[in-house]
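Undergrad: Sharing a model that was predicted from the sequence below.
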Amino acid sequence: MLPPTSPRYQLGTLKTVPLRTMWPHEALDFTQWLGQHENLALLCEELEISVENIRMEVASGRYNADIVAELSGSKKVVIIENQLETTDHKHLGQLLTYASAHDASVIIWNVSDYTEEHRQAIDWFNQHMPESISFFLVKVELWQIGDSLPAPKFNIICQPNNWAKTVVQASREEGSGPSDLKLLQQRFWNGFKEWTQQQRPQSQLRLGRTPRPQHWYTISFGTSKATISLTTNSRERRIGCELYIREDAALYDRLAADRAAIDQALGDQPEWMDLPDSVAFRIVKYHACSPLDETQWPTYFAWLHTQAEIFQRTFRNRF
């Protein structure tokens, strides 16, 4: 047995770093940093959302909202107010002003710390506002091990009681409530997540996202540059696994230069899709099947799980 002083047991010390050492100015430093797509993706991953059309310092009457964006695939507005200090009434008022001016559906308040009164206020909003409107209070931290670079951490303090339910309810209020197919898709991804959890400890996948009534399910694997996306398509009678790259043509070109090795690692001749608008890029494999046949779902789960692990191994060290 090794003694406690053995180098094998030497560990680094995890410590917090004051936010102002990295971002001295709230608007000029932190907001500009967070407004970059790869950085905002870190926050979005924690909140289980995806955004597009990101804009910074957007005029709202006499004031400017820090960040305004849209939920991907919809026109729902996301408002982000940043405060690198403890919450106060002034910023809470600004948050509500911006939300009103832009008719926001998702309102996010990033802070370095918070008072109990303001936490209760955000909880109250989530309890009494229509379920199509969601408030998040997020505590921002920087963590460092030894002399490593500081790493950001977004801690959700307040959120809607049932975030998945909120998304579904919002669709209902727009007159396009979840169809039977959408509900079936949500049940499919719930089943996939449960099936994957039963494979531990052998499974290398970590599924943190809450399944939603949609035809895709995304998996993060240690980078903000891309995600692994699993899909189900009953109309074209197939399921799929893909690497999804957004707004990074240089990354796609770099992977394409190594296409022969990647194709060999993935197997079965994956499709490389350079979409016309150059906004998103995909490397995808499909499996012909009948997604509506629930008796075959365990077989489909196994195929998706295997492919996701292959994609994860293939691309993990290529970023």
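TA: Cool, got the structure. Numbering: from 1, shown residues only.

Undergrad: Please, where are all the helices along this structure?
TA: Here the chain has its helices, by DSSP state H, at 19-22, 32-34, 37-47, 89-101, 116-128, 163-173, 180-197, 249-256, 259-266, 297-315.

Undergrad: List the contacts of the closest residue to Arg237 other than its chain neighbours.
TA: Nearest residue to Arg237, sequence neighbours excluded (Cβ to Cβ, 6 or more residues apart in numbering): Ser290, at 5.7 Å. Quick note: C-beta positions are derived from backbone N, CA and C, even for glycine. Shown in contact with Ser290 (Cβ atoms under 8 Å, 6 or more residues apart in numbering): Ser234, Arg237, Gln296.

Undergrad: Those residues into CSV, with extra columns for distance to Met22?
TA: Below are the contacts of Ser290 laid out as CSV (distance: Cβ to Cβ, whole Å):
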residue, distance to Met22
Ser234, 47
Arg237, 50
Gln296, 50
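
Undergrad: Most neighbours among the residues you listed, which one is it?
TA: Ser234 (17 neighbours; other Cβ atoms under 10 Å).

Undergrad: Poorly predicted segments of the stretch 51-200 of the chain, please.
TA: Judged by pLDDT under 70, the stretch 51-200 of the chain has its weakly predicted residues at 161-179.

Undergrad: ok, 80 please
TA: For the stretch 51-200 of the chain, the stretches with pLDDT under 80 are 60-62, 72-74, 131, 146-147, 161-180, 182, 200.

Undergrad: and what of the stretch 201-319 of the chain?
TA: Ranges of the stretch 201-319 of the chain meeting pLDDT under 80: 201-204, 206, 208-210, 212-213, 222-224, 246-247, 275-280.

Undergrad: One more pass at 70, please.
TA: Residues of the stretch 201-319 of the chain that meet the cut-off, pLDDT under 70, sit at 275-279.

Undergrad: export the helices of the chain to JSON lines and tack on mean neighbour count and distance to Phe281?
TA: Below are the helices of the chain laid out as JSON lines (neighbours: other Cβ atoms under 10 Å; distance: least, Cβ to Cβ, whole Å):
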{"stretch": "helix 19-22", "mean neighbour count": "15", "distance to Phe281": "31"}
{"stretch": "helix 32-34", "mean neighbour count": "18", "distance to Phe281": "24"}
{"stretch": "helix 37-47", "mean neighbour count": "17", "distance to Phe281": "14"}
{"stretch": "helix 89-101", "mean neighbour count": "17", "distance to Phe281": "33"}
{"stretch": "helix 116-128", "mean neighbour count": "15", "distance to Phe281": "36"}
{"stretch": "helix 163-173", "mean neighbour count": "17", "distance to Phe281": "26"}
{"stretch": "helix 180-197", "mean neighbour count": "17", "distance to Phe281": "24"}
{"stretch": "helix 249-256", "mean neighbour count": "14", "distance to Phe281": "4"}
{"stretch": "helix 259-266", "mean neighbour count": "14", "distance to Phe281": "13"}
{"stretch": "helix 297-315", "mean neighbour count": "18", "distance to Phe281": "13"}
